[in-house]
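> coords please:
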Amino acid sequence: MKNWKNISLLALIAIIILVGLDGFYIVDETEQVIITQFGDPVGEAITDPGLKFKIPFAQTANYFDERYLEWDGDRNQVPTKDKKFIFVDTYARWQITDPLQFFKRLRDERGAQSRLDDILDGETRNAVASRDLVEVVRSSNRDPKSGATITDVVEDSLEDISVGRDSLQTQIQQLGNKRAEDLGIKILDFRFKRINYVEDVRQTVYDRMISERNRIADKFRSEGEGEAARINGEKERELNTIQSQAFRKAEEIRGEADAKATAIYANAYNQSSSARKLYEFTRTMESYGKVFDNQTSIILSTESDFYKFLQDFEN
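Numbers count the residues shown, from 1 in each chain. Predicted coordinates:
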């Protein structure tokens, strides 16, 4: 009898422990819970954090994240309205706003990710296919800088757009939320992560861009060569003018110097005979220095002006 009581006590303790372990659960600040009984939801969602109780073994606590969740779309090939095939890579942020409805419609996050694939990928295809490429990659119209002309930029860079990339993203987000109204979730943000041409046409586009920029470079180069020729022409003209003025000034100075020298010569000759002879002697000696050196031999007449002073020197 005593053994039976011990066994019953141990069994009771085990049952209490099991009930305690399965009957109590904890709700974290980042979680929200739906209680199900035999697979069917019971009551409203539990969002208050803390220690909670449920019927053990009969009820189950289903946890859902209350934070912002990530959706990363597949890289899809999509044609634009102007028949340009591009790869579009997208991402979004979403949140479970109604856990009970979320559980009824999607059961878990894997089901939600699959449903978002259908919704957002479909809306992305529809939005891109209804717009030209320029509206998918640009957000606003561009104005050329002051003084720039249409030939200074790529041909289609000033093309006007009516929607733009930012508006297109907002439009996809709004349409996606309309389709997800009864799913218990909300799309908080949607963005194009990357947009690129398909491999078949990418090289063609690059070649066109290179050709366009080479054309602009040739235009600038031609304008630069024309400006350089104009500057060189002005430089030559100014140089010739400066040289001409310098030559004229030099001739004027030389003429004035010659006139002063002639005046000095005339004044010297008009002085006394002794001064005149001294002047003649000095000028003749200067001439000797310019005409003769230590290797010069000359034959002079006795009546030569050169010989006259030499003769006087000998005497």
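
> from here on, just use CA atoms for contacts and neighbour counts.
Noted.

> break the chain down into its domains, please.
2-65, 69-197, 200-270, 274-315 (automatic domain parsing).

> so for the shortest one, mean pLDDT?
Per-residue pLDDT values across domain 274-315 average out to 66.

> shift numbering so it begins at 25
Got it, first residue is 25 now, which makes that one domain 298-339.

> out of the domains of the chain, deepest packed?
domain 93-221 (a mean of 17; mean count of other Cα atoms under 10 Å).

> how far off centre is it?
24 Å (Cα atoms, centre = their mean, to the nearest Å).

> do me a favour and get the end-to-end distance for it?
From its first residue to its last, domain 93-221 covers 29 Å (Cα to Cα, to the nearest Å).

> quick one: mean pLDDT for that domain?
Averaging pLDDT along domain 93-221 yields 86.

> same question for stretch 238-257.
Mean pLDDT, computed over stretch 238-257, is 88.

> tell me where the protein has helices.
26-47, 123-129, 133-153, 157-161, 189-203, 223-293, 297-315, 329-338 (DSSP state H).

> what's the closest of those helices to residue 105?
helix 133-153 (5.1 Å; Cα to Cα).

> quick one: that closest one to helix 189-203, angle?
Inter-element angle recorded for helix 133-153 and helix 189-203: 130 degrees (by axes from the mean of the first three to the mean of the last three Cα atoms, to 10 degrees).

> list the contacts of helix 133-153.
Residues from elsewhere that reach helix 133-153 (Cα atoms under 8 Å, 6 or more residues apart in numbering): 88, 95, 97-98, 102-105, 130, 160, 192, 196-197, 199-200, 203-204.

> alpha carbons only: can I get stretch 144-156 in PDB?
Provided in PDB are the C-alpha atoms of stretch 144-156 (Å, rounded to 0.1, in the frame of the first residue of the first chain):
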ATOM      1  CA  LEU A 144       4.600  42.100 -55.600                       C
ATOM      2  CA  ASP A 145       6.200  40.400 -58.600                       C
ATOM      3  CA  GLY A 146       2.900  40.600 -60.500                       C
ATOM      4  CA  GLU A 147       2.500  44.300 -59.700                       C
ATOM      5  CA  THR A 148       6.100  45.000 -60.600                       C
ATOM      6  CA  ARG A 149       5.600  43.300 -64.000                       C
ATOM      7  CA  ASN A 150       2.400  45.300 -64.700                       C
ATOM      8  CA  ALA A 151       4.000  48.600 -63.700                       C
ATOM      9  CA  VAL A 152       7.200  48.200 -65.700                       C
ATOM     10  CA  ALA A 153       5.300  46.900 -68.800                       C
ATOM     11  CA  SER A 154       3.100  49.900 -68.800                       C
ATOM     12  CA  ARG A 155       5.900  52.500 -68.700                       C
ATOM     13  CA  ASP A 156       8.900  53.400 -70.800                       C
END
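
> adding distance to residue 117, write the helices of the chain out as a markdown table.
As requested, those are arranged in a markdown table below (distance: least, Cα to Cα, whole Å):
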| stretch | distance to residue 117 |
| --- | --- |
| helix 26-47 | 34 |
| helix 123-129 | 16 |
| helix 133-153 | 11 |
| helix 157-161 | 20 |
| helix 189-203 | 10 |
| helix 223-293 | 29 |
| helix 297-315 | 104 |
| helix 329-338 | 116 |
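
> closest to residue 60 out of the ones you listed?
Closest among those, once you apply Cα to Cα, is helix 123-129, at 9.9 Å.

> what helices and strands are in contact with that closest one?
Under the contact definition 3 or more Cα pairs under 8 Å, 6 or more residues apart in numbering; DSSP states H and E, helix 123-129 sits against strand 55-61, strand 64-70.

> weakest of those strands by average pLDDT?
Lowest mean pLDDT of the helices and strands packed on helix 123-129: strand 64-70, a mean of 89.

> adjacent strands (with direction) for that strand?
strand 55-61 (antiparallel) (DSSP bridges).

> quick one: contacts of the strand it pairs with?
Here strand 55-61 has contacts from 51, 65-73, 78, 82-91, 123-124, 127, using Cα under 8 Å, 6+ apart.

> repeat that for 10 Å
49-51, 64-73, 78-91, 120-124, 126-127 (Cα atoms under 10 Å, 6 or more residues apart in numbering).

> how far off centre is that strand?
That offset, for strand 55-61, works out to 50 Å (Cα atoms, centre = their mean).

> repeat that for stretch 219-227.
21 Å.

> endpoints of that stretch, how far apart?
Start and end residues of stretch 219-227 are separated by 15 Å (Cα to Cα).

> contacts only, for residue 96.
113-117, 137, 140-141, 217.

> and if we set it to 6 Å?
residue 115 (Cα atoms under 6 Å, 6 or more residues apart in numbering).

> ok, now residue 210?
118-119.

> quick check: it vs residue 183, distance?
35 Å.

> and for residue 263?
49 Å.

> kindly report the same for residue 151.
20 Å.

> what of residue 120?
41 Å.

> now residue 137
From residue 137 to residue 183 the distance is 38 Å (Cα to Cα).
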